[in-house]
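Participant: got a structure for you, letters missing:
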């Protein structure tokens, strides 16, 4: 597989705010803002792209992801359970504990399907000790996949018949058949393998045309795959550890990219002074509307 060249000049810093481990961006349409988390500081952050108004909420605990909630506020992937955040007063309430079975295992990346179920997995230091979970609208939690190590990107094809999934330790993106009516997954198979020299696949998103965008930790880039699994584009990012991406902005025409400023040696810190920044790209395609948790 030949990795196409990327143009770093096409990617712009959205603000001066940096994250230790920025993750899980989503577009808040009502606020015209991008929301993301910084795992390192245990914060949920929100930046209005037009006005540059910036807000942050301290969670006081591990937070791996945030997603919008249809009834208002956000749902957070906390250390060992799903919780709600009221941005008005910062109140956090755990409403769906998850028995992760290991204190070192914590909830990580999460995404919602088109009917409002929330999918999220765990990650830890012990190989195969994590799982992928489905949080239904009645707040029940179901283990959907065992034997995971670092659960990361999740996304669906435009027709909702396929679910893409990354366990970063496997160095690949997998795909399942998806039953939208039941929320069941089946027939897991490799979609694309990522050579280690290109970085480790982390977060992902799917655009309106069905193209799959994957953030590369250690790869200083976001790459795009066709639905057939062909690599057709690479966008260089001025940060070594690129963590995730999502579409937002007017008409969902901008790609929002989170990165990490931690986990670099002194030489890498010199080479990537903007690491940890939130970046914006005009990719020439549109994304799908943000999906909210319906429970």
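Facilitator: Done, it's in. Everything numeric here is computed off the predicted structure, so don't read it as measured data.

Participant: The lengthiest strand in the chain pairs with which strands?
Facilitator: Under DSSP state E, the strand in the chain containing the largest number of residues is strand 184-193. Partner strands for strand 184-193, per DSSP bridges, with pairing direction: strand 172-179 (antiparallel).

Participant: Any chance you could list what contacts the strand it pairs with?
Facilitator: Strand 172-179 has contacts (Cβ atoms under 8 Å, 6 or more residues apart in numbering) with 113, 153, 156-157, 160-167, 184-194, 201, 204, 212, 214, 225. The C-beta positions use only the backbone N, C-alpha and C, and glycine is treated the same way.

Participant: one more time with 7 Å
Facilitator: Here strand 172-179 makes contact (Cβ atoms under 7 Å, 6 or more residues apart in numbering) with 156, 160-166, 185-194, 201, 204, 212, 214.

Participant: check contacts around residue 295.
Facilitator: Contacts of residue 295 by Cβ under 7 Å, 6+ apart are 116, 136-139.

Participant: Pipe the residues you listed into JSON lines and attach neighbour count per row.
Facilitator: Listed next are the contacts of residue 295 as JSON lines, based on neighbours: other Cβ atoms under 10 Å:
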{"residue": "116", "neighbour count": "16"}
{"residue": "136", "neighbour count": "17"}
{"residue": "137", "neighbour count": "14"}
{"residue": "138", "neighbour count": "7"}
{"residue": "139", "neighbour count": "12"}
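
Participant: Give me the subset of those residues lying in strands.
Facilitator: Per DSSP E, the subset of these in strands is empty.

Participant: Of those, which is the nearest to residue 208?
Facilitator: residue 116 (19.5 Å; Cβ to Cβ).

Participant: Quick one: buried ones out of the contacts of strand 172-179?
Facilitator: 156, 162-166, 185, 191-192, 194, 201, 204, 212, 214 (16 or more other Cβ atoms under 10 Å).

Participant: shaky segments in this structure?
Facilitator: Per-residue confidence for the chain (pLDDT under 70) gives these ranges: 1-9.

Participant: what are the ranges of the helices in it?
Facilitator: 266-271 (DSSP state H).

Participant: Without its sequence neighbours, what residue ends up closest to residue 178?
Facilitator: Closest residue to residue 178 apart from its sequence neighbours, by Cβ to Cβ, 6 or more residues apart in numbering: residue 163 at 4.2 Å.

Participant: Enumerate every residue touching the one you found.
Facilitator: 154, 156, 175-176, 178, 185.

Participant: if you set the cut-off to 6 Å instead, what comes out?
Facilitator: Applying Cβ atoms under 6 Å, 6 or more residues apart in numbering to residue 163 gives the contacts 156, 176, 178, 185.

Participant: quick one on the thing from earlier: give me the subset of the buried ones among the contacts of strand 172-179 lying in strands.
Facilitator: For these, secondary structure assignment (DSSP E) places 156, 162-166, 185, 191-192, 201, 204, 212, 214 in strands.
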